[in-house]
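1. no sequence on this one, just coordinates:
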Ligand SMILES: [Ca+2]
Ligand SMILES: [Ca+2]
């Protein structure tokens, strides 16, 4: 378990695609904010791109969410609701070219979906 504080950035990558409208959270600057201690976010990464300076941990179809913990504790992040092969990574930072790697997962629990468990300190 790693202890981290402040903003957590989550990247979900998976199914490739093109000739689709760009997802609204394709670029780091347009990341979707998640709030609360639990929740679900859904969206598509069809047509999503890898932008300049972005850490390339898997392939290029990244979409972004951000979350700032308001309560310290252990949290799980997963992509189990996804219908395609995902890769999940968590970073801290405010600029796509200077993110600090926290954790990543490709396949969890004999699936192609991803799971990360983290202990965090309220930011
Ligand atoms: Ca992207
Ligand atoms: Ca996977």
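-> Cool, got the structure. Note that the structure is predicted; figures quoted are calculated from it, not measured. Residues are numbered from 1 along each chain as shown. Ligands and ions are numbered 1, 2, ... in the order given.
2. I'd like to know how many residues surround the closest residue to ligand 1 within the chain.
-> At 3.7 Å from ligand 1, residue 62 is the closest residue in the chain, using CB to the ion. C-beta here means a position set from N, CA and C on the backbone, and glycine is covered the same way. By the other CB atoms under 10 Å criterion, the neighbourhood of residue 62 contains 28 residues.
3. same deal with residue 55?
-> 18.
4. Can you read off the backbone torsions of it?
-> When read as degrees, to the nearest 10, the backbone of residue 55 gives phi -60, psi 130.
5. How about it, nearest residue that isn't a chain neighbour?
-> Spatial nearest neighbour of residue 55, excluding adjacent residues (CB to CB, 6 or more residues apart in numbering): residue 99 at 5.9 Å.
6. surely the one you found meets residue 91?
-> Yes - with contacts defined as CB atoms under 8 Å, residue 99 counts as touching residue 91 at a distance of 3.9 Å.
7. Please identify which of the two sits among more neighbours.
-> For residue 99 and residue 91, the more surrounded residue by other CB under 10 Å is residue 91, and the numbers stand at 23 against 20.
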